[in-house]
Each structure stands twice: as structure tokens, then as C-alpha cells.
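A.B. asks: Below are the sequence and a predicted model for it; my questions follow.
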Amino acid sequence: MKDHIVRASAAKGTIRAFAAVTTSMVEEARKIHEASGVAIAALGRTLTAIAIMSKMSKSERDVLTIQIKGDGPLGGIVAVSDAEANVRGYVNNPSVELPLNSQGKFDVAGAIGKNGYLNVIRDLGLKEPYVGYVELFTGEIGEDIAYYYAFSEQIPSVVSLGVLVAPDASVVNAGGYIIQLMPGAEEGLVEALENKICSLKPVTTLLEEGKSPEDLLELILGEIGLEITEKYSCRYLCNCSRDRMERNLISIGTKDIMEMAVEQHGAELQCHFCNRKYNFTEEELMSLINVEE
């Protein structure tokens, strides 16, 4: 099944819902970062969330970033998406290994840690980006994002994210959904949704059975007027370039560039998101000093 996101409404427009399958996107991230099972489970959930959240943007210029930082061995997660659901991301320690948790699943919460924060940064093209901040709730990512929406944006939300990993750490499937209550929703709707969702199999199981994002939303909202309104593609895509790396070098200042040129006779920069390396000779560094001046 090709990666995609669907957008829908239900309950006379008082519910908005998004669901996605992101298997290829998450597998691409795993290959790039050579991530362990628990690392790609954590990164894959975050990439799925950022892809879905990007389709909530109102402007084609919006850039959305999720930063998760805990005190666990994973170190932290960064995921970025533009308004077209072109996503990229990384974890600080992609090789981390942990025993399975008490449910026999990857211990994502243990990898992230209990003490830390989740940031959602929205760059709307204005002078300053909007930054929403919450302390980590459980470290399971989906629950933390639901907590972010409830606490920071006052939007009751149900978030379910999943990544199924094979014994060789390759991604079997990945996906998830975010369902939100809008103003005017009837009392008792939250409880009804929670009961419905609790009765469902995990996202990864449903995807393994061949269910599509449309099917996921039909299972949850089909009885209350589900209407699929749009469908979008999503993919892993890094936007790094030599020009961007040059600007990064210029931003560190003349003194540091000069030290690289004189002491190292060049510099090698590596993109965190795709691991591509960019090399600059001593002469190229000296030319950047002239640009900076």
C-alpha cells in the first residue's frame, strides 16, 4: 500500500480526523540512520505524527517541527515536515538497544526516558515561530502528542501511532491516526470515541490485515457520519544542499571558519537528516569569510 494520509470529518463537522499509512517513509528513515528496532519505533511514530499534523496547516509555507528530549538512552528525537508532508527526522542514538517491555513490545518510553519535554514548533513565515511546550507525559509519543494538544492547544484529541518491525529491524508497516473534537461536539462523544478505540486492534495489526487509512477511520467513525474529504501523499525527503551548508558555516562566524581553514585545512559537514556529507576545501572556507565580512 502506497504511503498516504486521508482527512475526514464526522458528527456533523464536530470531529476532524486524519489517518495515515507511512511504511515506506519510516523504512527509508531506518535505512538512512541504520536504526535499531526501538529507535525506528520511536522515530517512526514521530515521523507519522508530524506528517499527519502537517496537513492541519493552513499555509503552504508552514514548516512544522517536533522535538522530543528525555533522559533515556535514545537521547532525543527531531522530526520536521513541510505543508506537503515531506518529512525528515533523526534520533540522537539510532543504535540503542533495550529489552522488550512487559507487554513484549519495544520499550519506546524507556528509550526516551520519563523526564523531559515535547516541543511543537510552527514556522508560519513570521518573525518568530510559534513554540508549544509540554513536559513528557508517558514517553510513548502518541499519548504525549495527545497531551500536547489538550494542554497547549486545548483540543481534545485521540492519537494512535504504530510501527511494526521485523526481526531484522526492517519496517513491516507503520501508520496511525489523530482524531480531534471541534467546538460544538456533543457531550459524551469523547467517551464514545474512547470506548470504540479501546475495542479496536492495534494500528499495526489492522494495517497487517490490509486495512487502509480510510478503513481505520471507518472502523472508528463510520457510525457517526464519516466523510472522507481529502487524500494526500507523504514521503521522506531531505531538503539539505550545499548552499544550506554554506549558510550554516557562515553563521558560525569568521573566527571559527578561520580556525577550520588554518588548523584543519578544510571542513566536512554532515546532514543529520540524510547523513549526506559536504566537504569544503581550505580555499572555499576562506572565500566564505569574505562573504561573511
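C.D. replies: Noted; the coordinates are in hand.
A.B. asks: how deep is the nearest residue to Ser95 once chain neighbours are set aside tucked in, by neighbour count?
C.D. replies: Spatial nearest neighbour of Ser95, chain neighbours left out: Ser36 (5.6 Å); criterion: C-beta to C-beta, 6 or more residues apart in numbering. (Glycine included, C-beta is placed from N, CA and C.) Neighbour count of Ser36, defined by other C-beta atoms under 10 Å: 22.
A.B. asks: now the one 4 residues further on
C.D. replies: Ile40 sits with 27 neighbouring residues when counted by other C-beta under 10 Å.
A.B. asks: Was I right to think it contacts Ala169?
C.D. replies: Yes. Using C-beta atoms under 8 Å, Ile40 is in contact with Ala169, at 6.7 Å.
A.B. asks: Need the overlap of contacts for those two.
C.D. replies: By the contact definition C-beta atoms under 8 Å, 6 or more residues apart in numbering, Ile40 and Ala169 are jointly contacted by Arg30.
A.B. asks: show me the contacts for Glu34.
C.D. replies: Under the criterion of C-beta under 8 Å, 6+ apart, the neighbours of Glu34 are Pro94, Ser95.
A.B. asks: at 10 Å instead, please
C.D. replies: Contact analysis of Glu34 by C-beta atoms under 10 Å, 6 or more residues apart in numbering lists Ile40, Pro94, Ser95, Ala169, Asn275.
A.B. asks: Distance-wise, check the nearest residue to Ala85 once chain neighbours are set aside relative to Met25.
C.D. replies: Leaving out its chain neighbours, the residue that sits closest to Ala85 by C-beta to C-beta, 6+ apart is Cys234, at 3.7 Å. Separation of Cys234 from Met25 (C-beta to C-beta, to the nearest Å): 6 Å.
A.B. asks: So for these two, which residues contact both of them?
C.D. replies: Counting by C-beta under 10 Å, 6+ apart, the common neighbours of Cys234 and Met25 are Asp3, Leu47, Thr48, Ala51, Ala85, Asn86, Val87.
A.B. asks: Out of these, which is nearest to Ile112?
C.D. replies: Each of the shared contacts of Cys234 and Met25 was checked against Ile112 using C-beta to C-beta; the closest is Leu47, at 14.8 Å.
A.B. asks: Shouldn't that closest one be within a helix?
C.D. replies: Yes. Counting by DSSP: H, G, I helix; E, B strand; the rest coil, Leu47 is found in a helix.
A.B. asks: Tell me, how many residues neighbour it?
C.D. replies: Other residues within reach of Leu47, judged by other C-beta under 10 Å, total 30.
A.B. asks: rewinding a little: of the shared contacts of Cys234 and Met25, which pair is most distant in space?
C.D. replies: The span of those, defined through C-beta to C-beta, is set by Thr48 and Asn86 at 13.9 Å.
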